[in-house]
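S.K.: Here is my input, please return the structure:
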Amino acid sequence: MPFAEESLPKELLPLLMAVGTGMTDRIRFLEYFEEHAAELAEGSYLLGLAHLQCAMPYGALLILSPLAEERPEHAPLRVDLATALVHARRPEAARAVLKQVAEMLERRGDLLSLRWLAKVTERAAWLDRSLELRDLERKFLLLRAAAWEELPQAEVPVETMLLHAQTLCALGELDETSQPFWDAAHIVTRAIAAAPGRVSALEMFVRVTRSGLPVSLQRSALLALRQLDPGSPVLKEARAPTLEERALRRREARSEWHVLCGDLQHGDEETRRRAGDRLRQRAMCGAYRSPFLAVWAGVNAHSGDTEVVRALSEEVAEEPDMEPGDLLSIAHSMASCGLLDEALVHARRCARQTDDPGEAARAEALVEGLDGSSR
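M.R.: All right, here's what the predicted structure looks like:
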């Protein structure tokens, strides 16, 4: 729900609320708001809210952030921006926005502003409590992981190994870093070796790989579980998305990519570090990896890390859902660090897939240049 319904055209509120009725409806209504944003009163604001209603916070951020800069006195807009920031896992930034809005409403002092101020204060208090709980949870997970680590490996039962892995996964999700997932995968691999036919161990391995490890590992884990227990509920969780789900995930992933690239270009040191960690994680796992693979290949090619770039090339080759433009970018990154054969593979794939004549010409020119160089 938007923060303040009175700040929006009443005749469009039912339409906005209808966005959440189902995946097909979401696509249709998003397209409606996109087509009519320029002609509707508060059209851009409504479009941002529609993305938020569709659980697409990064898409909402791309729309609401510039609007909030243009209209700094629009309190409801900025509160809804804070909501998008929370759902995009940026609670500290959301807290700062709510603080600014509260100060602005307090200065105004009229009845409507004071009513809004009470609601903003409630949201800020909830967010403060959430941040405190997150910190407590992190401390608990670290202590629990340390306790598991102290147990002699030779004496640890399989069930305890799986609990240790589960703890590390929770820590990786909380901190949005990949190392805990790798540590968890190592532990689950030991558990599988100790009990080769244990379905729960393979199910945990699937969950670990789907949470934060390369897609190539996810595929092998899913295949092993499917062979051992075709009826496992974990396989149902890992089902292929519907066409509607896939379309929305692609849109939201591209929006997240835009936001993270902006963080890398304009953020402070900590923001850039977090953006880099998130880009690396999204290049390895998650829905629609194409833009993240392209950026991460470019970053590592620029730093001269050839082995990482070669590993990324293998991930790209196994990823079916790649955009031609991203393939061309990856081909250039490969070529820049001397991986000419890999670059040739991705440039040819771009030339086959693209419908853009200009992009096709650039890909074919790169193929021609690489074909001669790689001989």
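S.K.: which stretches of the stretch 51-200 of the chain form strands?
M.R.: Secondary structure of the stretch 51-200 of the chain by DSSP state E, counting those that start in this stretch: no strands are present.
S.K.: mind listing the helices in it by residue range?
M.R.: Taking DSSP state H, counting those that start in this stretch, the helices of the stretch 51-200 of the chain run over residues 57-70, 75-87, 91-108, 111-149, 158-175, 179-194, 199-212.
S.K.: So Met322: helix, strand or coil?
M.R.: Put simply, Met322 is coil when judged by DSSP: H, G, I helix; E, B strand; the rest coil.
S.K.: Next, count neighbours for it.
M.R.: Using other CB atoms under 10 Å, Met322 is surrounded by 21 other residues. Any C-beta I mention is one placed from the backbone N, CA and C, and that applies to glycine too.
S.K.: can you tell me which residues contact it?
M.R.: Ser290, Leu293, Val316, Arg349, Gln353 (CB atoms under 8 Å, 6 or more residues apart in numbering).
S.K.: can you rerun that using 6 Å?
M.R.: Ser290 (CB atoms under 6 Å, 6 or more residues apart in numbering).
S.K.: Report pLDDT for it.
M.R.: On pLDDT, Met322 comes in at 93.
S.K.: Just read off the phi/psi values of it.
M.R.: phi -110, psi 140 (degrees, to the nearest 10).
S.K.: gap between it and Lys139?
M.R.: In this view, Met322 and Lys139 are 40 Å apart by CB to CB, to the nearest Å.
S.K.: remind me which residues of the stretch 51-200 of the chain are low pLDDT?
M.R.: For the stretch 51-200 of the chain, no stretch has pLDDT under 70.
S.K.: how about the helices of the stretch 51-200 of the chain, which one is nearest Asn300?
M.R.: Nearest to Asn300 among those is helix 179-194 (17.3 Å), distances taken as CB to CB.
S.K.: could I have the particular helix or strand that has Ser333 in it exported to CSV, CA atoms only?
M.R.: In the assignment (DSSP states H and E), Ser333 maps to helix 324-336. Written as CSV, here are the backbone C-alpha positions of helix 324-336 (Å, rounded to 0.1, in the frame of the first residue of the first chain):
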residue,chain,number,x,y,z
PRO,A,324,23.4,-10.6,-27.1
GLY,A,325,24.7,-7.2,-26.0
ASP,A,326,26.1,-8.7,-22.8
LEU,A,327,27.7,-11.5,-24.8
LEU,A,328,29.4,-8.9,-27.0
SER,A,329,30.6,-7.0,-23.9
ILE,A,330,31.9,-10.3,-22.4
ALA,A,331,33.7,-11.2,-25.7
HIS,A,332,35.5,-7.8,-25.6
SER,A,333,36.5,-8.4,-21.9
MET,A,334,37.9,-11.9,-22.8
ALA,A,335,39.9,-10.5,-25.7
SER,A,336,41.3,-7.7,-23.6
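S.K.: Please compute how far it lies from its chain's middle.
M.R.: Averaging C-alpha positions (CA atoms, centre = their mean, to the nearest Å) puts helix 324-336 22 Å from its chain's average.
S.K.: Now do the buried residues in it.
M.R.: By neighbour count on 16 or more other CB atoms under 10 Å, the buried set for helix 324-336 is Pro324, Gly325, Asp326, Leu327, Leu328, Ser329, Ile330, Ala331, His332, Ser333, Met334, Ala335.
S.K.: And the pLDDT for Leu248?
M.R.: The model reports Leu248 with a pLDDT of 87.
S.K.: now it, what's its secondary structure?
M.R.: Criterion first, three-state DSSP; result for Leu248: helix.
S.K.: Show me which of the buried residues of helix 324-336 is closest to Glu35.
M.R.: Nearest to Glu35, judged by CB to CB, of those is Gly325 at 24.3 Å.
S.K.: Tell me how far the closest residue to that closest one other than its chain neighbours lies from Leu339.
M.R.: Leaving aside its sequence neighbours, Gly325 sits nearest to Glu359 (CB to CB, 6 or more residues apart in numbering; 6.3 Å). In this view, Glu359 and Leu339 are 21 Å apart by CB to CB.
S.K.: just Met104 next, same as before
M.R.: According to CB to CB, Met104 and Leu339 sit 53 Å apart.
S.K.: Of those two, which one has the most company?
M.R.: Leu339 (22 against 18).
S.K.: which ones are touching the more buried one?
M.R.: Leu339 neighbours (CB under 6 Å, 6+ apart): none.
S.K.: Show the model's pLDDT score for it.
M.R.: As predicted, Leu339 sits at a pLDDT of 93.
S.K.: now swap in Gly372 and tell me
M.R.: With respect to pLDDT, Gly372 has a value of 68.
S.K.: just use 56 as the starting number from now, easier for me
M.R.: Got it, first residue is 56 now, which makes that one Gly427.
S.K.: what's Val141 in contact with, if anything?
M.R.: Val141 makes contact with Ala149, according to CB under 6 Å, 6+ apart.
S.K.: that older thread, what's the helix holding Ser388 in contact with?
M.R.: Residues from elsewhere that reach helix 379-391 (CB under 6 Å, 6+ apart): 345-346, 349, 352-353, 356, 371, 397-398, 401-402, 404-405, 408-409, 414, 418, 421.
S.K.: count of neighbours near the closest residue to Gly359 other than its chain neighbours?
M.R.: Among residues not flanking Gly359 along the chain, Cys392 sits closest, at 6.4 Å (CB to CB, 6+ apart). Using other CB under 10 Å, Cys392 has 20 neighbouring residues.
S.K.: again with Trp181
M.R.: When counting by other CB under 10 Å, one arrives at 12 neighbours for Trp181.
S.K.: before we move on, what about Glu324?
M.R.: Glu324 has 7 neighbouring residues, counting by other CB under 10 Å.
S.K.: repeat for Glu423
M.R.: By other CB under 10 Å, 11 other residues sit near Glu423.
S.K.: What is the helix or strand harbouring it packed up against?
M.R.: Element membership for Glu423, per DSSP H and E: helix 412-428. Contacts defined by 3 or more CB pairs under 6 Å, 6 or more residues apart in numbering; DSSP states H and E place helix 412-428 against helix 379-391, helix 395-408.
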